[in-house]
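J.: Requesting a structural model of the entry that follows:
(one chain, ligands or ions: 1)
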Amino acid sequence: MNRKELIGQIREKKSFLCVGLDTDIQKIPAFLLNEEDPVFEFNKQIIDATREFAVAYKINTAFYESRGIEGWKSLIKTWEYLPKDCFSIADAKRGDIGNTSEMYAKAFFNIESSGMSFDSVTVAPYMGADSVKPFLKFPEKWAIILALTSNEGSKDFQYLSSDGNMLFESVLQKSGEWGSKENIMFVVGATRGEDFLTIRKHVPDHFLLVPGVGAQGGSLDEVCRYGMNKECGLLVNSSRAIIYASSGTDFAEAAAAGAQAVQQEMEKWVREL
Ligand SMILES: O=C(O)c1cc(=O)[nH]c(=O)n1[C@@H]1O[C@H](COP(=O)(O)O)[C@@H](O)[C@H]1O
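T.: Residues are numbered from 1 along each chain as shown. Purely as a prediction, here's the structure:
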């Protein structure tokens, strides 16, 4: 999905919600464990219940890789089931020397090679340009670069200053030379509040993937007030608060209600665009 199509979906659905499929087999409703593939069955019902309210799905690969070959099978089946009108994110936080990053890019972008072809992959930029550029060689695919993260540990390095910029600012500026607003997004945590103003000074037009609302307590209103641009420019993720809204047989309906509540909040902001 390219930028124009993504903006079209946001306007059509009046939503910029990304549902996170961080599916932990220990947390899904027990009655599903009788299924041949409980994780995929859970994801399938969550997708069916939330697709009218979401414009994107983010699959955190750690929850699938941790289960070995069975987890990887659930990952591929879930990717295959994702609605074609939704933006898909492999949240793998990859990044290594060039030839290895090429393999990571193939793993998530090249369907002939891996059986999957996500729209995007999250990337950790610590190793610099040659670790990120391999992801940008695929037409209409995106690298979503970690910039200012939602976790407590973001304060350990990301705010460190050098040459007048904090590290996250240098990441925004430097990586801007590696691609464009058509194939690079940045991860900025919803818990970062007014830091969005600084972010937008560096990257006024790029899309931002914003995790941290819901379970991590980030404010959707603050994210929109300080981070939204004239084309929205945001994909706001919520995982646990939506997919684990209920642990009972009504889990899918509860997820739908959670997703709809977020979408209704978002609609107020999209209408202003
Ligand atoms: O790259 C990410 O997606 C990410 C970056 C970040 O700074 N913070 C963050 O929470 N995430 C991811 O976003 C999701 C947040 O999940 P919830 O807190 O359950 O909504 C998880 O999959 C995290 O790995």
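J.: so where do the strands sit in the stretch 101-250 of the chain?
T.: Applying DSSP state E, counting those that start in this stretch to the stretch 101-250 of the chain gives strands spanning 120-123, 142-148, 161-162, 165-166, 184-188, 208-210, 234-238.
J.: Residues of the protein that sit close to the ligand?
T.: With the criterion set to C-beta under 6 Å from any ligand atom, the chain comes near the ligand through 20, 22, 60, 91, 93, 122, 149-151, 187, 189, 211-212, 214-216, 237-240. The way it works is simple: take the backbone N, C-alpha and C, and place the C-beta from them, glycine included.
J.: residues in contact with the longest helix seen in the chain?
T.: Ranked by number of residues, the top helix in the chain under DSSP state H is helix 251-270. Outside of helix 251-270, the residues within contact range by C-beta atoms under 8 Å, 6 or more residues apart in numbering are 10-11, 13-17, 19, 28-29, 42, 45-46, 48-50, 53-54, 213-214, 220-221, 224, 228, 232, 236, 238, 241-246, 248.
J.: And the strands of the stretch 101-250 of the chain, which one averages the lowest pLDDT?
T.: Among the strands of the stretch 101-250 of the chain, strand 161-162 has the lowest mean pLDDT, at a mean of 92.
J.: Quick check: neighbours of that one in the sheet, parallel or antiparallel?
T.: With DSSP bridges as the test, strand 161-162 is paired with strand 165-166 (antiparallel).
J.: Can you give the distance of the partner strand from its chain's centre?
T.: Between the centre of strand 165-166 and the centre of its host chain there is 25 Å, according to C-alpha atoms, centre = their mean, to the nearest Å.
J.: try stretch 223-238
T.: Between the mean C-alpha position of stretch 223-238 and that of its chain there is a distance of 13 Å (C-alpha atoms, centre = their mean).
J.: Could I get the buried residue list for that stretch?
T.: 223-224, 226-228, 231-238 (16 or more other C-beta atoms under 10 Å).
J.: Identify the residue spatially nearest to the most far-flung residue of the chain relative to its centre, adjacent ones excluded.
T.: The C-alpha centroid of the chain is most remote from residue 163, which lies 30.4 Å away (C-alpha atoms, centre = their mean). For residue 163, ignoring the flanking residues on the chain, the nearest one in space by C-beta to C-beta, 6 or more residues apart in numbering is residue 170 at 7.6 Å.
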